[in-house]
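> the following block contains a protein sequence and its predicted model.
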Protein chains: 2
Amino acid sequence: MKVEVISIGDELLLGQTINTNAAWLGKQLSLIGSEVIRVNTISDTKDSILDSLNGVSKEASCVILTGGLGPTKDDITKQVLSEFFDSELVLHDLTLEKVTSFFKAREAQMLDVNTHQAYVPSSCIVLNNNYGTAPGMWFDKDDQVFISLPGVPYEMKGIFMDEIVHRIKDRFNLSSIYHKTLLTQGIGESFLAEKLVKWETNIRNKGFGLAYLPSPGIVKLRITSKNGIKDKDQINGFFKEIEERFPEAFFAYGELSLPEVTGNLLKKNKKTLGTVESCTSGMLANKITSAAGSSDYFMGSLLTYSNRLKTDLLRVSKNSIQKFGAVSEEVAIEMAKNGREILDVDYCISTTGIAGPGGATDTKPVGLVWVGLATKDQVITRKFNFGDNRERNMLRTALSSLNLLRYFILTENKN
Amino acid sequence: MKVEVISIGDELLLGQTINTNAAWLGKQLSLIGSEVIRVNTISDTKDSILDSLNGVSKEASCVILTGGLGPTKDDITKQVLSEFFDSELVLHDLTLEKVTSFFKAREAQMLDVNTHQAYVPSSCIVLNNNYGTAPGMWFDKDDQVFISLPGVPYEMKGIFMDEIVHRIKDRFNLSSIYHKTLLTQGIGESFLAEKLVKWETNIRNKGFGLAYLPSPGIVKLRITSKNGIKDKDQINGFFKEIEERFPEAFFAYGELSLPEVTGNLLKKNKKTLGTVESCTSGMLANKITSAAGSSDYFMGSLLTYSNRLKTDLLRVSKNSIQKFGAVSEEVAIEMAKNGREILDVDYCISTTGIAGPGGATDTKPVGLVWVGLATKDQVITRKFNFGDNRERNMLRTALSSLNLLRYFILTENKN
């Protein structure tokens, strides 16, 4: 089942807004077994919208429009759709009720333009919007379905999940798609792909879909079956092999984040965590607290960006810094160990590295990072070289050190 | 002068990659006075590319294709272009030399697929790629120009800036565009727009373009003139009014970031900075160190996420936390003051708030934030309410508190 997306809005063409809606729709539609074949991003004028509607690919059985449903001047999409479907704008009582109570709840004055939002083309099915005032619309024309949604991301996503997914599945008989995603940290996409050539061929030969979904520090592997849940065991079997071959890299299935997975392990084992950071300068602590409820196990951090604070506050010996440099295994060890005592936590992670662009020496390039993990009995260290992008260096250091902790807790509690 | 962008790549349709290239091109093209009228995002198959080339808008005098120029299977764009322009692939010696030395420098083996990158359609002008191995291409057909670029963002951007901007300006006579951007922090787009109705009308009536470019915590205002640099003084005059009406919000012109502007002030005045963070949990420190060279003035931080560390490490009195709560003006003051002493810095910023989703009470909603700024003589405080998105709360707290510091240094050194 093929879909064309029409994204409406001058702000997208001007680059003031990045078209994340289209990417989100692409992801969601591929998860239910349909496929976006084109995204047409256009201006919010009557002519552009009509042109794009008339030029829709004949292959597409479904067309999703986003944008141009606002209360003010961009209310153009609804009028063009009304014309395109030879329909008239009529008052939709339920929507008027919702808009009215929306403004009442906020003690705000309702204007004529707001009332106007309750008018919809008579030929459409109204899709309930629980997140704002502009309703979604569903049209049938010949063999194609046209769906119109507001451009505000959380409204668009809300209507799609609440009102569209089940309708599309019913209408296009997509109920048989099953997929599962495995998450890894610390292995590059191309390295993984090279190691998995045979595994991948086997999966594809058996008729399954496989996708690599990379982002800095993280690669997701998704296997898709068109036969539905009855392939579940077979997919679990494929993934079991990855779990066994890459036990340190594999950290979860589904949509969990590494901070959430690590946080759950800390909670389960009733352990506390702190960080002492130099090169990441708070990004590690910030990642840890991206998991809601992290105050249960995360106590806090010392960010010793300057060498003075490394010695004065964190009690790293001046001698070590002089002899080995601030970016060294020795200093990473002292930082983690002392940080664990000062913060009075079960685990303490230290980071020290050259984030760039400055700071490199003959023996220490930009991207060199030492990470330490202090536990009750020992300090484990890791050396990384993450290349020359400052922000990605920080991010990959944060994720790699969190994964080191995750794997340590896991194996410690197995033995 | 109107442009159509064709973005090629299944990863865009599947939502694995967000189409940031198109937004970037939209921004750059509007800066030189041209206008993107459509972005067509398509699959990397021969048929899709040919269809999109044949369906290009007649209004567009320039078509920019990105993607599909890689060394492996996605090398399809070049072949389709060759066919579309009735041309043949020929070896481009200079490109071959560059590809060869690219691999030599990395001591990597060059494969046949890499050699193939040096073949280009005979009818194109080759655009030099200083950032990778796939060259850009420029074609003239009838009254339209077609430009093909690799999809890797930094290669695409590099070729565009080095090879395309001046060619487009020459070819389409765009040399007369002049623009200037003013940056503000802490005022919402709609509030600003409402306050500036008259100012805006005046500017538009005089034939200038005006754009609001909002992102969380920051709004940029851009004025554009089609008469070139001779309108410079008049534009400076328009902006002078904003500087005077919103002195706290205005922080720079051009492309500087708030951390850079604040950092430059600290450097100039030879002052040091530290932070003590609760609700931002390192995001403020991380923002500060996003400016390269920040180690000159940024010393470090205490992230006292738990109340225990607030009292034990930062010496906030237990009594204050009990009486006023950790999220209170009193605690923000103690944090900033004690942090300034412990970190031994000239300025110390404290943050304490309810980032959400949990933690709200009857009197303290999610989004409530107290910020403190400790200086030699005093602690300045600010109260904010940033609403219910956890990450945006942290980001807006970080930017607002940095701007508080910036404005303090500025006014202190004026008096």
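On my side now, so go ahead.

> residue in chain A nearest to chain B?
Scanning chain A for proximity to chain B using C-beta to the nearest C-beta identifies residue A:282 as nearest, at 2.6 Å. Placement of C-beta: from N, CA and C, glycine included.

> per-domain residue ranges of chain A.
Here the domain assignment for chain A is A:2-172, A:178-253, A:258-412, based on automatic domain parsing.

> give the contact list for the closest residue to residue A:243 other than its chain neighbours.
Nearest non-adjacent residue to residue A:243, counting by C-beta to C-beta, 6 or more residues apart in numbering or on different chains: residue A:250, 5.0 Å away. If a contact means C-beta atoms under 8 Å, 6 or more residues apart in numbering or on different chains, then residue A:250 has A:182-184, A:242-243 as its contacts.

> pretty sure residue A:3 contacts residue A:37?
Yes. Judged on C-beta atoms under 8 Å, residue A:3 makes contact with residue A:37 at a distance of 6.9 Å.

> which neighbours do those two have in common?
Taking C-beta under 8 Å, 6+ apart as the contact criterion, the residues that touch both residue A:3 and residue A:37 are residue A:60.

> more crowded one of the two?
residue A:3 (26 against 19; other C-beta atoms under 10 Å in any protein chain shown).

> now that one: how far from residue A:359?
Taking C-beta to C-beta, to the nearest Å as the measure, residue A:3 and residue A:359 are separated by 48 Å.

> what number of residues are in the vicinity of residue A:99?
Other residues near residue A:99 number 23, with proximity taken as other C-beta under 10 Å.

> got it, and the one 3 residues further on?
Residues lying near residue A:102 (other C-beta under 10 Å) number 16.

> for it, which non-adjacent residue is closest in space?
Nearest residue to residue A:102 in three dimensions, chain neighbours excluded: residue A:133, at 5.5 Å (C-beta to C-beta, 6+ apart).

> Three-state assignment for the one you found, please.
The local conformation at residue A:133, judged by DSSP: H, G, I helix; E, B strand; the rest coil, is coil.

> tell me the contacts of it?
The neighbourhood of residue A:133, defined by C-beta under 8 Å, 6+ apart, consists of A:71, A:98-99, A:102, A:114, A:117.

> one more pass at 10 Å, please.
Shown in contact with residue A:133 (C-beta atoms under 10 Å, 6 or more residues apart in numbering or on different chains): A:69-71, A:95, A:98-100, A:102-103, A:110, A:114, A:117-118, A:150, A:155.

> if you rank those residues by neighbours, which is first?
Going by other C-beta under 10 Å, residue A:69 tops the contacts of residue A:133 with 28 neighbours.

> quick check, it in a helix?
No. Counting by three-state DSSP, residue A:69 falls outside a helix, being coil.

> that one touches residue A:127, doesn't it?
No. No contact is recorded between residue A:69 and residue A:127 when judged using C-beta atoms under 10 Å, the distance being 11.1 Å.

> now do the shared contacts for those two.
Shared contacts of residue A:69 and residue A:127 (C-beta under 10 Å, 6+ apart): A:135-137, A:148-149.

> any figure for the gap between residue A:343 and residue B:79?
Distance, residue A:343 to residue B:79, by C-beta to C-beta: 60 Å.

> looking at the two, which one has more neighbours?
Per other C-beta under 10 Å, whichever of residue A:343 and residue B:79 has more neighbours is residue A:343, with 26 against 15.

> residues touching that one, list them.
Under the criterion of C-beta under 10 Å, 6+ apart, the neighbours of residue A:343 are A:272-276, A:299-302, B:302-304, B:306, B:308-309, B:312-313.

> hmm, which of those residues are the buried ones?
In those, burial by neighbour count holds for A:272-276, A:299-302, B:302-304, B:306, B:309, B:312-313, counting by 16 or more other C-beta atoms under 10 Å in any protein chain shown.

> going by distance to residue B:400, which of the residues you listed wins?
Distances from residue B:400 to the buried ones among the contacts of residue A:343, taken as C-beta to C-beta, are shortest for residue B:303 (18.2 Å).

> if we go by neighbour counts, what in the lowest-mean-pLDDT helix or strand in chain A is buried?
Comparing helices and strands within chain A by mean pLDDT, DSSP states H and E singles out helix A:112-116 as the least confident, with a mean of 78. Of the residues in helix A:112-116, those scored as buried under the neighbour-count criterion (16+ other C-beta under 10 Å) are residue A:114.

> quick one, strands of the stretch 101-250 of chain A?
In the stretch 101-250 of chain A, the segments counted as strands under DSSP state E, counting those that start in this stretch are A:119-121, A:125-127, A:136-141, A:144-149, A:178-185, A:209-215, A:218-225, A:250-253.

> tell me which parts of the stretch 151-300 of chain A are close to chain B?
Contacts of the stretch 151-300 of chain A with chain B, taken as C-beta under 10 Å from any C-beta of the partner chain, map to A:154, A:211-215, A:220, A:222, A:272, A:274-290, A:292-300.

> narrow those to those in helices?
Counting by DSSP state H, the members of those that fall within helices are A:154, A:283-288.

> going by neighbour count, which of these comes out on top?
Across those, neighbour numbers were computed from other C-beta under 10 Å; residue A:285 holds the maximum, 33 neighbours.

> I figured that one hits residue A:275, correct?
Yes. Shown here, residue A:285 and residue A:275 form a contact pair, counting by C-beta under 10 Å, at 5.2 Å.

> what residues are shared contacts of those two?
Counting by C-beta under 10 Å, 6+ apart, the shared contacts of residue A:285 and residue A:275 are A:298, A:300-303, A:349, A:398, B:282, B:303.

> re the thing from before, neighbours around the residue of chain A closest to chain B, how many?
Other residues near residue A:282 come to 30 when the count uses other C-beta under 10 Å.

> ok, it - contacts?
Neighbouring residues of residue A:282 by C-beta under 10 Å, 6+ apart: A:275, A:301, A:303, A:305, A:394, A:398, B:275, B:277, B:280-289, B:300-301, B:303, B:398.

> how about residue A:17?
Each residue near residue A:17 by C-beta under 10 Å, 6+ apart is listed here: A:7, A:9-11, A:67, A:151, A:153, B:23, B:26, B:213-215.

> for residue A:159, same thing?
With contact taken as C-beta under 10 Å, 6+ apart, residue A:159 is in contact with A:127-132, A:134-137, A:147-150.

> who is the residue nearest to it when sequence neighbours are not counted paired with across the strands?
Sequence neighbours aside, residue A:136 is the residue nearest to residue A:159 in space, at 4.3 Å (criterion: C-beta to C-beta, 6+ apart). The bridge-partner assignment for residue A:136, based on DSSP bridges, gives residue A:127.

> looking at it, residue A:136 is touching residue A:151, isn't it?
No. Residue A:136 is not in contact with residue A:151 according to C-beta under 10 Å; the separation is 11.6 Å.

> overlap in contacts, these two.
By the contact definition C-beta under 10 Å, 6+ apart, residue A:136 and residue A:151 are jointly contacted by A:65-66, A:69.

> can you say which of the contacts of residue A:159 are buried?
Neighbour counting by 16+ other C-beta under 10 Å classes A:127, A:129, A:131-132, A:134-137, A:147-150 among the contacts of residue A:159 as buried.
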